[in-house]
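sequence? don't have it. structure:
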């Protein structure tokens, strides 16, 4: 849960009481940067999309399904609102749900030919300049075939799920999360002809940092990162595991998109 939100703490107590009444053991965990407790069958995440992204990285390697309860703003990734919590818990206990798998992305940083860091996330991998740095030159290759060199603030490689996140703000297209693709989107490119590129989900993207200054970093889901050096290479592709979401009803991506984005117009 998002420990800084009083509503999350209140709902966590309610979930614990309800679940114990149904004969289900409960462990409350408010730390977002350590492994999940052992012997977990399902994680109920109380928070917004950021909290859920953190939980997704912790749960994916062990295949633990996640039920997201929205305490944030957009809530693209969460399944239910707080008002729907008790029916959701009943459905979970009774087994009336399905599990939807979402592609994750993995970035491996190579320095002088050696892998020095591996990062994994649900939404995206972003290679970007620092707050006060000049634009960066990033050479982009797909399956070792040269695609483009972006003089830009950075580049985003996102999963279909991440197409509604940073990539959308950078002008990238919206992609149905059930489509097996990856998306390359430059950030503020200094070129009139730089466009997003949709590639196959099995493709590999290699980004070469062609900038002399060292105020460049790679981040995953906007939450974890690693500082880069000139001529580092970042290889991004589909991760070896997926995020598993608990779904209580058939979700229509286009209906969810319409409903969530409509909030921006209010």
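Sure thing, it's come through. Since the model is a prediction, treat every value here as computed from it, not as a measurement.

contacts, neighbours, all on C-alpha from now
Will do.

chain center to stretch 229-243, what's the gap?
Stretch 229-243 sits 14 Å away from the centroid of its parent chain (CA atoms, centre = their mean, to the nearest Å).

and stretch 53-62, by the same measure?
The gap between where stretch 53-62 is centred and where its chain is centred comes out at 10 Å by CA atoms, centre = their mean.

and if you look at stretch 83-102?
In terms of CA atoms, centre = their mean, the centre of stretch 83-102 is set 22 Å apart from its chain centre.

all strands of the stretch 151-266 of the chain, in order?
154-158, 181-187, 197-200, 205-209, 216-220, 224-228, 233-247 (DSSP state E, counting those that start in this stretch).

most tightly surrounded among these?
strand 154-158 (a mean of 28; mean count of other CA atoms under 10 Å).

give me the sheet partners of that strand and which way each runs.
strand 124-129 (antiparallel), strand 181-187 (antiparallel) (DSSP bridges).

and the first one with strand 216-220, angle?
Just to be clear, that refers to strand 124-129. 160 degrees (axes from the mean of the first three to the mean of the last three CA atoms, to 10 degrees).

what lies in contact with strand 124-129?
The contact list for strand 124-129 (CA atoms under 8 Å, 6 or more residues apart in numbering) reads 105-107, 135-136, 153-159, 162, 166, 215-222, 236.

buried ones in stretch 93-113?
For stretch 93-113, the neighbour count (16 or more other CA atoms under 10 Å) marks 97, 101, 102, 103, 104, 105, 106, 107, 108, 109, 110, 111 as buried.

and residue 136, bridged to which residues?
When assigned by DSSP bridges, residue 136 has beta-bridge partners residue 152.

residue contacts, it?
Residues near residue 136 by CA under 8 Å, 6+ apart: 128, 129, 150, 151, 152, 153, 154, 209, 210, 211, 216.

run a quick neighbour tally on the nearest residue to the fourth one once chain neighbours are set aside.
The shortest distance from residue 151 to any residue other than its chain neighbours is 4.6 Å, reached at residue 137 (CA to CA, 6 or more residues apart in numbering). One way to gauge burial is a neighbour count; for residue 137, by other CA atoms under 10 Å, it gives 22.

OK, contacts around residue 137?
149, 150, 151, 152, 209, 210, 211.

same deal with residue 79?
67, 68, 69, 70, 246, 247, 248 are the contacts of residue 79 under CA under 8 Å, 6+ apart.

now swap in residue 41 and tell me
64, 65 are the contacts of residue 41 under CA under 8 Å, 6+ apart.

one more: the one 5 residues further on?
Taking CA under 8 Å, 6+ apart, we find residue 46 in contact with 1, 2, 8, 11, 12, 52, 68, 69, 70, 71.

for the lengthiest helix in the chain, which positions count as buried?
The helix that spans the most residues within the chain, counting by DSSP state H, is helix 6-21. The neighbour-count check on helix 6-21 (16+ other CA under 10 Å) flags 7, 8, 9, 11, 12, 15, 16, 18, 19 as buried.

hmm, which two among the residues you listed are most spread apart?
Within the buried residues of helix 6-21, two members stand farthest from each other by CA to CA: 7 and 19, at 18.0 Å.
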